[in-house]
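> Have a look; sequence and predicted model below, questions after that.
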Amino acid sequence: MALITVKITEGQTLFDVALRYYGDVSKAVDIIKLNTNVPNLLFNGLNGLTISVDEQNNDVVNYYKSNNIKITTRFPEITGGKGFDSGYDNGFN
């Protein structure tokens, strides 16, 4: 485990960062506890924010790291920031 600094990029949520560096989306809470500069928002307003994470050493994290995978689950340019709402309104078809 190593404390490192990462920059959140467009399309990333704290859940994405938690999955990438901890291997577990529930660790988003740990990221908030570790960083006093994280706004109380899990989905919006994080682009460009630099945070600290305690990168874990497990199979999930090592897979993403070795394959240079950046996780981004938020696509505002496609959904207008309403990913779930758009899918729901369009019947998920």
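Nice, I can see it. Remember, predicted model here, so these are calculated numbers, not experimental data.

> Next up, the contacts around residue 52.
Going by Cβ atoms under 8 Å, 6 or more residues apart in numbering, residue 52 touches 3, 4, 5, 6, 34, 35. Heads up, the C-betas are built off the backbone N, CA and C, glycines and all.

> ditto for residue 23
56, 58, 59, 60, 61.

> What residues sit buried inside the helix or strand that contains the last one?
In this structure, residue 61 is located in helix 59-66 according to DSSP states H and E. Neighbour-count burial for helix 59-66, with 16 or more other Cβ atoms under 10 Å as criterion, is recorded at 61, 64.

> which pair in the contacts of residue 23 spans the largest distance?
Pairwise distances across the contacts of residue 23 peak at 10.2 Å for 56 and 59 (criterion: Cβ to Cβ).

> In space, not sequence, find me the middle residue of the chain.
residue 16 (2.4 Å; Cα atoms, centre = their mean).

> And that one, its phi and psi?
phi -60, psi -50 (degrees, to the nearest 10).
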